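[1] A structural model of the following input is requested.
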Amino acid sequence: MLVVGTGVVVIAMATVALVWVRSSGNGDTPVIAAAGDIACAPSDHNYNGGAGVPRACDERATSNLMLDTKLAGILLLGDDQYENGTLSDFKRSFASTWGRFGSKLHPAPGNHEYNSAGARGYFQYFGGKAGPDHRGYYSYDIGDWHFVALNSNCRSIGGCNLKSAQGRWLKADLASHHNQCTLAYWHHPRFSSGRHGDEKLSDGFWRELYAAGADVVLVGHDHDYERFAPQDPRGRADPARGIREFVVGTGGRSHDPIDRVDANSVVRNDKTFGVLEMTLHKRSYDWRFVSVLGSTFTDSGVGSCH
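    Here you go, the predicted model:
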């Protein structure tokens, strides 16, 4: 059933049980999960001893979706720990929920991490998994796919444009990896119908990724879920070469209303916590949004790599 509300498209189906299937050994088809905007501070009035309340501080329920699953990786899309990303809050809140997945976590920093000078608590908590030299950007491979974690806190790290240190690194990294499929992720969305809207400072990321033939971008920041059709750097539909962006700010913190609709936005939901699951084939991918117990929203589909 398709329900159209005020600027919100919701696909309602029967509640979906979360099942990840991944074998070990040769012939694996890796499965990853992703979300951002995750853990409330213990001082938050909705924290409720870590259990949260309806529609807020639901990081335990979202992380429970990934228990007893054989994931190849979990991508953190920033604002992993509210309000200021302090080490003590990471240890008390994030660690007991999403932190349970340890070595599977691949973080990207959000603006709330930088509420502490230099995102100190974030880099102390994640250590080497946050990338070298406190830069907040790095890359790695899972299966046949190349992954690029970027730092969209541009003003805090010397910029994100093509001439910045990060921009030059990104260009070199993409040139040195020739995987059939490439996925990049960071915090602030280049395109979004949510409260914060389009973030032009990440335009350089999109242009470099588009030129290199990247396939998927995952972001957070807006506390909602949104899927876009493949787009070029100017936000024009481009089914042949465009990048498909998912906004997945649904990790548990809270929801923000969607009251406008960007061009090429296909699916939107501003009322459901959950994670995006992606199954990574050699030249294609499947996606499915899996919501917390008691919610009925989902979104699924398939895509091909360039």
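
[2] Can you give me every residue that contacts residue 299?
    11, 225, 227, 267, 269, 287-289 (C-beta atoms under 8 Å, 6 or more residues apart in numbering). For every residue, glycine as well, the C-beta is placed using N, CA and C.

[3] quick one: which of those is most hemmed in?
    Within the contacts of residue 299, residue 225 tops the neighbour count with 30 neighbours, counted by other C-beta atoms under 10 Å.

[4] residue ranges of the helices in the protein, please?
    Residue ranges of the helices in the chain, as given by DSSP state H, are 59-64, 87-89, 120-126, 165-176, 203-211.

[5] Not counting the third one itself, show me its contacts.
    Spelled out, that is helix 120-126. Residues from elsewhere that reach helix 120-126 (C-beta under 8 Å, 6+ apart): 80-81, 84-91, 94-95, 105, 107, 109, 113, 116, 130, 134, 136.

[6] what do you get for the second one?
    Applying C-beta under 8 Å, 6+ apart, the set of residues contacting helix 87-89 from outside is 39, 41-42, 81-83, 120-121, 124-125.

[7] Determine which two of these are furthest apart.
    Comparing all pairs in these by C-beta to C-beta, the longest separation belongs to 42 and 120, at 18.2 Å.

[8] Residue 57 is in contact with residue 252, correct?
    Yes. Taking C-beta atoms under 8 Å as the definition, residue 252 is a contact partner of residue 57 at 6.6 Å.

[9] joint contacts of those two?
    residue 40.

[10] Enumerate every residue touching the closest residue to residue 302 other than its chain neighbours.
    Take residue 302 and drop its neighbours on the chain: the residue closest to it by C-beta to C-beta, 6 or more residues apart in numbering is residue 286, 5.1 Å away. By C-beta under 8 Å, 6+ apart, residue 286 lies in contact with 278-279, 300-302.

[11] Can I have the buried ones of those as a PyMOL selection?
    Filtering the contacts of residue 286 down to the buried ones (16 or more other C-beta atoms under 10 Å) takes a single PyMOL command:
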select buried, resi 278+279
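
[12] Kindly reformat the contacts of residue 286 as CSV containing pLDDT and distance to residue 140.
    Output for these, formatted as CSV (pLDDT from 0 to 100; distance: C-beta to C-beta, whole Å):
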residue, pLDDT, distance to residue 140
278, 98, 15
279, 98, 18
300, 98, 26
301, 98, 25
302, 98, 24
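
[13] For my notes, please list the contacts of residue 286 in JSON lines and give distance to residue 207 for each entry.
    Listed next are the contacts of residue 286 as JSON lines, based on distance: C-beta to C-beta, whole Å:
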{"residue": "278", "distance to residue 207": "24"}
{"residue": "279", "distance to residue 207": "28"}
{"residue": "300", "distance to residue 207": "29"}
{"residue": "301", "distance to residue 207": "25"}
{"residue": "302", "distance to residue 207": "26"}
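
[14] Enumerate the beta-bridge partners assigned to the residue nearest to residue 302.
    Note on residue 286: beta-bridge partners by DSSP bridges are residue 279, residue 302.

[15] and the gap between it and residue 90?
    Applying C-beta to C-beta, to the nearest Å, the value for residue 286 to residue 90 is 32 Å.

[16] same check, this time on residue 299
    With distances taken as C-beta to C-beta, residue 299 is found 30 Å from residue 90.

[17] Tell me the spatial nearest neighbour of the residue nearest to the spatial centre of the chain, not counting adjacent residues.
    Nearest to the geometric centre of the chain sits residue 77, at 3.7 Å (C-alpha atoms, centre = their mean). Using C-beta to C-beta, 6+ apart and skipping the chain neighbours, the partner closest in space to residue 77 is residue 36 (2.8 Å).

[18] quick one: contacts for that neighbour?
    Shown in contact with residue 36 (C-beta under 8 Å, 6+ apart): 76-80, 108, 110, 187, 219-221, 248-249, 251.

[19] How about the backbone phi and psi for it?
    Reported as degrees, to the nearest 10, the phi and psi values for residue 36 are phi -130, psi -180.

[20] what's around the residue nearest to residue 151 when sequence neighbours are not counted, how many residues?
    Counting by C-beta to C-beta, 6+ apart, residue 136 is the residue found nearest to residue 151 once chain neighbours are left out, at 3.4 Å. Neighbourhood size, residue 136 [other C-beta under 10 Å]: 29.

[21] which secondary element of this structure has the worst mean pLDDT?
    The weakest-scoring helix or strand in the chain, judged by mean pLDDT, DSSP states H and E, is strand 2-4 (a mean of 34).

[22] What residues does the residue nearest to residue 151 make contact with?
    108-109, 119, 123, 130, 149-151, 153, 157.

[23] who wins for most neighbours among the contacts of helix 87-89?
    Going by other C-beta under 10 Å, residue 39 tops the contacts of helix 87-89 with 34 neighbours.

[24] That residue contacts residue 254, doesn't it?
    No. Assessed by C-beta under 8 Å, residue 39 is found out of contact with residue 254, at 11.5 Å.
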